[in-house]
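Visitor: I would like to see how this sequence folds:
(chains A and B)
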Amino acid sequence: MADLAASDRISGYADAVLAVARAEGAQAEVEDELARFADALRSSDELQSTLADSDIDVERRLQITEDLLGGRALPATAALVSLVVGAGRGGELVDIIDATIDRAAAGRNRRVARVRSAVELTAEQRARLAKAIKASAGLDVEIQAIVDPTVVGGVVTEIGDDVIDGSVRSRLQQMRAGLG
Amino acid sequence: MRPTILSPGARPGGHRNRATVRRLAAAAGLVVAVTLASTSSAWAAGETVGGCVLEKVAEAKTEHGSLDAVKALPSEELGELEDELEGCIESPNPIFPALDEIIWGGLAFLILFAFMWWKGFPAVKRAMDARSEKIRADLDAADTAKADAMRTKTEYEAQLADAKAAAAAIVDEARAQADQLRQDLQARAEADIAEQRARAAADVESSRRQAIDDLRTEVAAIAVGAAERVVGASLDADVHRSLIDGYIDEVAGAGSNGDGS
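Guide: Sure thing, here's the model as predicted:
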């Protein structure tokens, strides 16, 4: 029941963020900036916990978002992030951003492929990977590249609940399982 | 049959014996009275000197009419009278009493004997019979008591023997139970010891396997960590690019091979 309520809440926030981005006429830029901000949140547990900590004053948390995004992102992007954090939903910010990107892609009849790699993918690699996924799964996808050092090497692609794991990390985990 | 212990007042025949004693006492008193009576008769017959003299004088007075006539008798008759009077003074025969005494004494004896034969002897006989009967009864009671005592002794000995046998049986049973209990306890203790040994061995084996598993896991973690460090250090930009390109090619190849995942 709580998960269902959280899912509805995340969907509501995602719809709102997407509507604001469309209204501002900068949907693509906002999506890209939100994706990068989500990438930064995933790489820093401390930042996630700080934005989700209700014991910290809202003004302090809003000041942190302002420090991170002010002058580096569109005002709409900063305002949307501040909206979510100011509403006390900082802990769900990454999910809200992912849901927003998923809805935006769905609006373009595409799905989002979240690609994690130890180093940033080049534009050429993103395009080739999108084509490869189209060729293998028949899906038109938009690549959301996420730099994740824990991958060590290689790539992990998530499309919804489907995972294509070609990372060195998974190879090492398999080796650990074999040795254990 | 046990002897009956009676108080003197409650003894059987006691009232009859007392009546017999009273009758005997009455008979003895009558004998004494008769004896005294006979003795007085003997005394009245002239047993004393004075009496004898008076009797002789009275006889002489009666025979001659008065004392003066007696005094006037011729010397020969006076001499005879004097002899009779001197006869009164002479002492009686120490062996043979006077005839009248023998007669009165014999008569008194016969009366007394007859009375005793009539009253005393049956009473004495009854008393003796009662005494004999009592003695016999006492002997019978003693025999009965003895028999009872012997029977009681026999019963007591039998009960004692039974009690000894029962005690011996109880002791044997208790000893058997104690032995059984000891054996059970020993068997249980041995089973517990064996179980504890088996459990300890299992624990040791489990601990050993756990230690081996932990060691293996630890070794694997160390090895993988070392491998990660080595791989991470050896992955330069070219290697990353090669890995990513290889991944993309594999995904694309999976599609051409009809594998969607």
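Visitor: show me what the host helix or strand of A:Ser49 is in contact with.
Guide: Using DSSP states H and E, A:Ser49 falls within helix A:45-52. Applying CB atoms under 8 Å, 6 or more residues apart in numbering or on different chains, the contact partners of helix A:45-52 are A:Ala40, A:Leu41, A:Arg42, A:Ile56, A:Arg61, A:Ile64, A:Thr65, A:Val85, A:Gly90, A:Gly91, A:Leu93, A:Val94. Quick note: C-beta positions are derived from backbone N, CA and C, even for glycine.
Visitor: that one: what's the following helix or strand?
Guide: helix A:58-69.
Visitor: just the element for whatever residue of the stretch 101-250 of chain B ends up closest to chain A, please.
Guide: Of all residues in the stretch 101-250 of chain B, the one sitting closest to chain A is B:Ala220 (3.3 Å; CB to the nearest CB). In the assignment (DSSP H and E), B:Ala220 maps to helix B:121-234.
Visitor: next secondary structure element downstream of that helix?
Guide: According to DSSP H and E, the helix or strand after helix B:121-234 is helix B:237-256.
Visitor: that next one close to chain A?
Guide: Yes. Against chain A, helix B:237-256 shows contacts by CB under 8 Å from any CB of the partner chain at B:237, B:239-240, B:243-252, B:254-256.
Visitor: what comes up buried for that helix?
Guide: B:His240, B:Leu243, B:Ile244, B:Tyr247, B:Ile248, B:Glu250, B:Val251, B:Ala252, B:Ala254, B:Gly255 (16 or more other CB atoms under 10 Å in any protein chain shown).
Visitor: which elements pack onto that helix?
Guide: Contact analysis of helix B:237-256 by 3 or more CB pairs under 8 Å, 6 or more residues apart in numbering or on different chains; DSSP states H and E lists helix A:123-137, strand A:154-159, strand A:162-167 as its packing neighbours.
Visitor: now that helix against strand A:162-167, angle please.
Guide: 140 degrees (axes from the mean of the first three to the mean of the last three CA atoms, to 10 degrees).
Visitor: list the contacts of helix B:237-256.
Guide: A:117-119, A:121, A:125, A:128-129, A:131-137, A:153-155, A:157, A:164, A:166, A:168, B:235, B:260-261.
Visitor: in chain B, where is pLDDT below threshold?
Guide: B:1-21, B:23-25, B:27-47, B:90-94, B:255-261 (pLDDT under 70).
Visitor: who in it is up against chain A?
Guide: B:213, B:216-217, B:219-221, B:223-224, B:227-228, B:231-232, B:235, B:237, B:239-240, B:243-252, B:254-256, B:259-261.
Visitor: related to what we said a few turns ago, farthest-apart pair in the contacts of helix A:45-52, please.
Guide: The largest separation in those, counting by CB to CB, is between A:Arg42 and A:Ile56 at 20.1 Å.
Visitor: buried sites along stretch A:117-126?
Guide: Applying 16+ other CB under 10 Å to stretch A:117-126 flags A:Ser117, A:Ala118, A:Val119, A:Leu121, A:Gln125, A:Arg126 as buried.
Visitor: doesn't A:Ala145 make contact with the last one?
Guide: Yes. Under the criterion of CB atoms under 8 Å, A:Arg126 is in contact with A:Ala145, at a separation of 6.3 Å.
Visitor: who touches both of those two?
Guide: Common neighbours of A:Arg126 and A:Ala145 (CB under 8 Å, 6+ apart) are A:Val115.
Visitor: could you chop chain A up by domain?
Guide: A:1-109, A:110-180 (automatic domain parsing).
Visitor: format those domains as JSON lines; extra columns: mean pLDDT.
Guide: Below are these laid out as JSON lines (pLDDT from 0 to 100):
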{"stretch": "domain A:1-109", "mean pLDDT": "89"}
{"stretch": "domain A:110-180", "mean pLDDT": "89"}
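Visitor: what does the top helix by length along chain A contact?
Guide: Ranked by residue count and defined by DSSP state H, the top helix of chain A is helix A:2-24. With contacts defined as CB under 8 Å, 6+ apart, helix A:2-24 is touched by A:27, A:30-31, A:34, A:74, A:76, A:79-80, A:83-84, A:89, A:92, A:95-97, A:99-100, A:102-104, A:107.
Visitor: from A:Val81, how far out is the closest residue to A:Gly91 other than its chain neighbours?
Guide: Once flanking residues are discounted, A:Gly91 sits nearest to A:Ala52: 3.2 Å by CB to CB, 6 or more residues apart in numbering or on different chains. For A:Ala52, the distance to A:Val81 equals 13 Å [CB to CB, to the nearest Å].
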